[in-house]
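Colleague: got a sequence here, can you build the structure:
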Amino acid sequence: MTDEITLTVPAQEDFRPVVHLVVGGLAVRLDLTIDALEDLQVALDTLLVRRDDEGDVTIRVRIDDQAIRATVGPLPLTLLDDVEREGSELGLRRVLETVCESFEIEERDGEAWVELSKQTAAPARAGG
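Modeller: Below you'll find the model as predicted:
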């Protein structure tokens, strides 16, 4: 079973609580832990702060039996540089690697789109 929700909101900071509300509703439906919900919201916020303009940003959330996947964009291509920048500071790569199982950045029409994956079910244990 796979469900998908697409949310397009203005990129301005004032609309980020709408994203939290929708993701929180999904978390309740999926019976996600508070930790998993907070991780997903941190990842989304980390990306959404890179846009605060008059345009729109789209968040597409897909849910299956094992994971919740969110695609966020369009974001500035400078995001690629932010991910590649190494250092001891709490940079974009470090945040996303900490709160998500995986993430990928794809360039589409001169803009960046990020796909996040957060596990929703415990992996099956071998031999058990």
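Colleague: pretty sure Leu75 contacts Ala112?
Modeller: Yes. Counting by C-beta atoms under 8 Å, Leu75 touches Ala112, with 4.4 Å between them. Yep, even glycine has a C-beta here, placed from its N, CA and C like the rest.
Colleague: tell me what the nearest residue to Asp56 once chain neighbours are set aside is bridged to.
Modeller: Counting by C-beta to C-beta, 6 or more residues apart in numbering, the nearest residue to Asp56 once its immediate chain neighbours are dropped is Thr8, at 5.2 Å. On the basis of DSSP bridges, Thr8 is bridged to Thr58.
Colleague: ok, Thr8 - contacts?
Modeller: Going by C-beta atoms under 8 Å, 6 or more residues apart in numbering, Thr8 touches Asp56, Val57, Thr58, Ile59.
Colleague: with Lys118 instead?
Modeller: Ala36, Asp39, Leu40, Ala43, Ala67, Ile68, Arg69, Ala70, Val99, Cys100, Glu101.
Colleague: in strands, which of the residues you listed appear?
Modeller: If you go by DSSP state E, the contacts of Lys118 have Ala67, Ile68, Arg69, Ala70 in strands.
Colleague: most neighbours of all the residues you listed, which one?
Modeller: Highest neighbour count within the ones in strands among the contacts of Lys118, by other C-beta atoms under 10 Å: Ala70, with 25 neighbours.
Colleague: I'd like the distance between that residue and Asp81.
Modeller: Distance, Ala70 to Asp81, by C-beta to C-beta, to the nearest Å: 22 Å.
Colleague: for the protein, what spans make up the helices?
Modeller: In the chain, the segments counted as helices under DSSP state H are 16-30, 34-48, 78-84, 92-99.
Colleague: any buried residues in the third one, and which?
Modeller: Okay, so that is helix 78-84. Under the neighbour-count criterion of 16 or more other C-beta atoms under 10 Å, helix 78-84 has Leu79, Asp82, Val83 buried.
Colleague: who touches the closest residue to the second one other than its chain neighbours in this structure?
Modeller: So the one you mean is Asp82. Spatial nearest neighbour of Asp82, chain neighbours left out: Leu92 (4.4 Å); criterion: C-beta to C-beta, 6+ apart. By C-beta under 8 Å, 6+ apart, the contact set of Leu92 is Thr46, Leu79, Asp82, Val83, Arg85.
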